[in-house]
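>>> From the sequence below, what's the structure:
(3 chains)
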Amino acid sequence: MLDRDGNIGIFLLGIAALLCYGAIELGIGKTHDPGPGFFPFLAGLIIAILSLGLIGSLLKGRRVLATPQGHLVTGRAALILGVFLLFGFFVEKAGFFVCTFVVTMVLLWANGVQKWPVLLFAALLTCAGIYLVFNVLLEVRLPLGILRWEGN
Amino acid sequence: MFVHFSPSLKKSLFAASCLILFALPGALPCPAAEYPGRAVDVVVPFAPGGGADNFFRAFRGALAKELNVPTNIVNRAGGGGVVGTSFVVNAKADGYTLAGFELLTYLTPQIITPKTVPYQVLKDLKPIAHLAYEPLMLVVRADLEAKTLEDFLAYARKNPGKLLAATSGLGSQNRVDLELLKVATGTQIRFVSFASGGEAMTNLLGGHVDLICGATVTASRSHLKAGKVRALAVFTPERLAEFPDVPTTREKGLATVNLNMTYGLLGPKGLAPEVVERVSQATKAALTAEDTVANLKKLGYYVEFSTPGQLEERLKKDFGLLTEVAKRAGLIPSPDNLKVTGKQDK
Amino acid sequence: MDLIQNLFFGFGVCLQPINLLYCFLGVLIGTLVGVLPGIGPPGALALLIPVTGQIRPESSIIMLCGIMYGAMYGGSTTSILVNIPGEAASVMTSLDGYQMARQGRAGPALGISAFGSFIAGSLSIFGLVLFAPTLSGFALKFGPPEYFSLMIFSFAILIFVTGGSLVKGLLMALLGIAMGTIGLDPHAGVNRFTFNQPALMDGLGLVQAVIGLFGVSEILVSLETFVQGEIYETKVKGLLPTRQDWHDSLMPILRATGIGFFLGAIPGIGVLIPTFLSYGLEKRIARDPSKFGKGFIAGVAAPEAANNAAAGGALIPMLSLGIPTGASTAIVLGALMIQGIQPGPTLITDNPQVFWGLVASLYIGNVMLLALNLPLIGLWVSLLKIPYYLLSVLILLFCLIGSYGINYAAADILIMTIFGFIGYIAKKQDFELTPMVFGLVLGPMLENALRRSLVISSGSFAIFVSRPISLVFLAMSLSFLIWNFFFKKRATTMISED
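Modelled structure (predicted):
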């Protein structure tokens, strides 16, 4: 495989292809009467050209091929992004506070906090603080999900 | 890796915890009594500052007074009103979440872009009350040769495809009213879409377009008075007291061009009849209070109350009408995909 | 002279204790709101409109404008401290501002930001008073063809400002443009790339994209290399701008004020373009352009001045024509109308106390912002001393809540996360982020302008050169590009975000 930039170039080439395909589906129209697909198609085309340029400069050996250490996406980054995605999926069902609670614990743990009582307490504190600031002070309704009880 | 809590960090954390834990008990809510036992949210599916939002904010105080509980405006903008409306469709039908709506923007997405609307307008929300309408006018740029409606129509007939109207989006009032005008008069007027009424007006003032078929009085008032634009007709049944020289479309034989901005309240489908009745009564009281009427009138809104039943009828009727208009204007997509022709008549 | 008399009148209205109080409240709330990403000025203004119903028109307008300005400054604060622009206006500030914070110079950065905003705000108020009628007339001449040419010009500047690999910069810009097409296409009524999700119908959303692209990615990258003290230089080097800082910043501030003010008066231009163009200009004419992006104070001073000036300029169409130029002005307009006041050509004559009180309050609001925020600089700087393993968690939670708070839509969190991923990869592989923001914002504007122009001209491309203003911008773009590529060595140093 190519180095990272090259891989990115190949990936983007794929994206450009999908983009152009989607654009054609939408209808490109004519130059003097552009359809909804006109701009996306143009963008896709240019992205394709640029991606080829990116890959091309590698093949021409113009860049230093010192591959950096380790993976492009580290475990911790993946974990954090992953837990964010989960937050997004569950926030309306399980409620804002449950999700924040879990996320706070995961984030702190990812940063090296090992002791459970500390994790739990910090997460609780954070949730309580957020509740105060948003629900009470700003009167913003955050979804309660499973914490829903009568009168709220 | 090592994590250690420095003494000062421990102290601040302790202080913060105390603060929060002490404040918490006072903040917890308590259970509700009969309806309305607590604050009611009116969800406006548009961003703050827009026409619909302004209306509901102006009306909110009167409604809160009649309901006897705090009434909040919650903005959930997006998708031309679809996002906020879906929110209410899916909300608990306990009467504490209501939908503020504007008639055209409520009905047209389902007609024109049905795949984007995850609910059925005539079924998934319960009509509660019609509240008010905001008059719309046909305004043209001041330096247009046509000085009256008749001149304008004559010009349009003689020069098909020459006039350019500004609209604020696919299903917007000014687009629909334009199509109604074209159908009623048999003229061909081109249009260009902008993102909002404000943008449309800016372009009219700049002379980049010729007319707006459906500008609100509020948006046009100062420009009319300053002579920068001219109003050729108003779409209400009777002439406006503020602009007595502007004829209505009805008196000029164009009674079908009569869509104004119409505001009302809806609730989730399963709303209990008592709740609907209660809110309906509250709105009626709010709308008949003299100061509310005067206040809203000052802002350009004309109150007009309807019962839930009447509103339901109106929605059905207008839905049919709009479907017709959309078909004639070529706005209805073909059944298998979302491609829309929207071709301009040239 | 009439003008002076009116100004005194305005100050008289504004300096009443009750109005001073409202001004202060507005500025305070605005700053708090600006610091919280996601809940931007529109949110805060909306929350407070019911309150304004109870108080007199002048007071409510004074408070609302205080919020607007305060929010802008708050947005700059997070931009500088943690590289999370509070809103589009602060994106350019973060380029150099964050670097300065990491070098222990958060104080001077915040300081020059406050002072620069103050100077720009005050000057633009004078501009408002003196030029409003002429400028608004001029601004109206900007129709779709003129917007198109202005966008092309901005892209030409982008090509210059993008250091490093041009290919990578353009890739990011075009990806941004492509992502900008997601949503409902108003001309044809089709949804583009939305996969039938109502949440995507309005596009991806700039704020959540920026929070993810800049904020989340920054934390992710920093966490990989941190050893305490390496992220933020712990020895804080002074709290206020030094004499040298002032020397470097004064002219940029003045130039940026001019650019920001005039461009801001064009309805719908927004703040990104003025801040971007002023940054680009400063970099172009600087003696040593490579300093930009590494923590050069002019890189903070110019965008900050530009965005305040642009906000001031944006008030011109609002006040003289009753046309809102963005979400914030729309709300102020709405609040005015609820009070029964109709902005427009007749505002000055019908409601002089509102107009002049407003003008005076803008000035006083600026003073209050300065007074409020300078002491806070010490507070912010000490916040940065929190151990990074905790600080990063707080910031991430901040981003999470902020992106959710925009519209209480779970989809926004997903969007933020995806952009966080994109930003993360981009930073590690030296792809610049600013072009992507540029593409996201300007792509739709460019496309709309193009399509509308073609409708107006019935398909003829001649419209772009037959109209004078449009022709001027196109000519400028062309000459700029030619000059850039053939006559001057393009800046080869990178604007690093890291």
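>>> Walking through chain B, point out its helices one by one.
Applying DSSP state H to chain B gives helices spanning B:7-27, B:51-67, B:82-89, B:103-112, B:149-158, B:173-185, B:197-205, B:217-226, B:273-288, B:290-299, B:308-328.
>>> Deepest-packed of the ones you listed, please.
Across the helices of chain B, averaging neighbours per residue (mean count of other CB atoms under 10 Å in any protein chain shown) puts helix B:197-205 on top, at a mean of 26. (Each C-beta comes from the backbone N, C-alpha and C, glycine too.)
>>> can that helix be found next to chain C?
Yes - Helix B:197-205 reaches chain C (CB under 8 Å from any CB of the partner chain) through B:198-199, B:201-203, B:205.
>>> Not counting sequence-adjacent ones, nearest residue to residue C:61?
residue C:358 (5.4 Å; CB to CB, 6 or more residues apart in numbering or on different chains).
>>> tally of neighbours for that neighbour?
Using other CB atoms under 10 Å in any protein chain shown, residue C:358 has 28 other residues around it.
>>> Check residue A:73 too.
Neighbour number of residue A:73 under other CB under 10 Å is 14.
>>> which ones are touching residue A:44?
A:16-20, A:23, C:178 (CB atoms under 8 Å, 6 or more residues apart in numbering or on different chains).
>>> Pipe the residues you listed into CSV and attach pLDDT and distance to chain B per row.
Listed next are the contacts of residue A:44 as CSV, based on pLDDT from 0 to 100; distance: CB to the nearest CB, whole Å:
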residue, pLDDT, distance to chain B
A:16, 93, 23
A:17, 93, 21
A:18, 92, 18
A:19, 92, 18
A:20, 92, 17
A:23, 90, 13
C:178, 93, 19
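>>> In PyMOL, how would I select the buried members of those?
A single PyMOL command selects the buried members of the contacts of residue A:44 (16 or more other CB atoms under 10 Å in any protein chain shown):
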select buried, (chain A and resi 16+19+20+23) or (chain C and resi 178)
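>>> Out of the contacts of residue A:44, flag the one nearest to residue B:331.
Residue B:331 has its nearest neighbour among the contacts of residue A:44 in residue A:23, at 22.3 Å by CB to CB.
>>> just checking, what packs against the strand or helix carrying that closest one?
Element membership for residue A:23, per DSSP states H and E: helix A:4-26. Based on contacts counted as 3 or more CB pairs under 8 Å, 6 or more residues apart in numbering or on different chains; DSSP states H and E, the elements that helix A:4-26 packs against are helix A:38-59, helix C:166-180, strand C:190-192.
>>> mean confidence score for the helix or strand that comes right after the second one?
What it means is helix C:166-180. Per DSSP H and E, the first helix or strand lying C-terminal to helix C:166-180 is strand C:183-185. For strand C:183-185, the mean per-residue pLDDT is 81.
>>> Paired strands for strand C:183-185, with orientation please.
strand C:190-192 (antiparallel) (DSSP bridges).
>>> rewinding a little: for the contacts of residue A:44, which two are the farthest from each other?
Farthest pair in these (CB to CB) is A:17 and C:178. Separation: 12.3 Å.
>>> Please look at residue B:127 and residue B:271 and confirm they touch.
No - applying CB atoms under 8 Å as the test, residue B:127 and residue B:271 come out as separate, 10.1 Å apart.
>>> So which of those two has more stuff around it?
Taking neighbours as other CB under 10 Å, residue B:127 and residue B:271 compare with residue B:127 leading, 24 against 21.
>>> Name the nearest residue to that one, sequence neighbours excluded.
residue B:311 (3.8 Å).
>>> Can you classify the residue of the stretch 301-450 of chain C found nearest chain B by secondary structure?
At 2.5 Å from chain B, residue C:344 is the closest residue in the stretch 301-450 of chain C, using CB to the nearest CB. For residue C:344, the assignment made with DSSP: H, G, I helix; E, B strand; the rest coil gives coil.
>>> Model confidence for the nearest residue to it once chain neighbours are set aside, exactly?
Closest residue to residue C:344 apart from its sequence neighbours, by CB to CB, 6+ apart: residue B:222 at 2.5 Å. pLDDT for residue B:222: 81.
>>> ditto for residue A:70
pLDDT, residue A:70: 63.
>>> can you list the domains in chain A?
Annotated domains of chain A cover A:4-59, A:75-147 [automatic domain parsing].
>>> By mean pLDDT, show me the worst of the ones you listed.
Mean pLDDT is lowest for domain A:75-147 among these, at a mean of 79.
>>> now it, how far from the centre of its chain.
Put simply, domain A:75-147 sits 18 Å off its chain's centre (CA atoms, centre = their mean, to the nearest Å).
>>> Okay, the spatially closest residue to residue B:80 that is not a sequence neighbour and residue B:262: tell me how far apart.
Excluding its sequence neighbours, the residue lying closest to residue B:80 (CB to CB, 6+ apart) is residue B:109, at 5.9 Å. Counting by CB to CB, to the nearest Å, the gap from residue B:109 to residue B:262 is 16 Å.
>>> Equivalent analysis for residue B:139, please.
From residue B:139 to residue B:262 the distance is 20 Å (CB to CB).
>>> before we move on, what about residue C:92?
To residue B:262, residue C:92 is 43 Å away according to CB to CB.
>>> sorry, back to before: wouldn't the residue nearest to residue B:80 be in contact with residue B:81 here?
Yes - at 6.9 Å, residue B:109 counts as touching residue B:81 under the criterion of CB under 8 Å.
>>> Need the overlap of contacts for those two.
By CB under 8 Å, 6+ apart, no residue touches both residue B:109 and residue B:81.
>>> picking up where we left off before, which one of residue C:92 and residue B:262 has more residues nearby?
Set side by side, residue C:92 and residue B:262 show more neighbours around residue C:92, with 30 against 22, by other CB under 10 Å.
>>> The more buried one: helix or strand, and which one exactly?
helix C:91-102.
>>> Counting by contacts, list what that helix packs against.
helix C:57-82, helix C:106-140, helix C:272-285, helix C:298-321, helix C:434-456.
>>> so how far is the following helix or strand past the fourth one from its chain's centroid?
If you walk from helix C:298-321 toward the C-terminus, the next helix or strand you reach (DSSP H and E) is helix C:327-338. Computed by CA atoms, centre = their mean, the separation of helix C:327-338 from the middle of its chain amounts to 19 Å.
>>> ditto for stretch C:159-170
In this view, stretch C:159-170 has its centroid 22 Å away from the chain centroid, taken as CA atoms, centre = their mean.
>>> Only the buried residues of it, if you could.
Using 16+ other CB under 10 Å as the burial criterion, the residues of stretch C:159-170 that qualify are C:159-165, C:167-170.
>>> residues contacting residue 110?
As the question left the chain open, I've gone with chain A. So residue A:110 contacts A:76, A:79-80 (CB under 8 Å, 6+ apart).
>>> wrong chain, I was asking about chain C
Residue C:110 neighbours (CB under 8 Å, 6+ apart): C:76-77, C:80-81, C:373, C:377, C:380-381.
>>> what do you get if the cut-off is 7 Å, keeping everything else the same?
By CB atoms under 7 Å, 6 or more residues apart in numbering or on different chains, the contact list for residue C:110 reads C:77, C:80, C:377, C:380.
>>> Residue A:54 too?
Listed by CB under 7 Å, 6+ apart, the contact set of residue A:54 reads A:5, A:9, C:167, C:171.
>>> residue in the stretch 101-250 of chain B nearest to chain C?
Counting by CB to the nearest CB, the stretch 101-250 of chain B gets nearest to chain C through residue B:222 (2.5 Å).
>>> Three-state assignment for the residue nearest to residue C:61, please.
Classification of residue C:358 by three-state DSSP places it in helix.
>>> which residue sits farthest out from the middle of chain A?
Distance from the C-alpha centroid of chain A, by CA atoms, centre = their mean, peaks at residue A:32 (37.1 Å).
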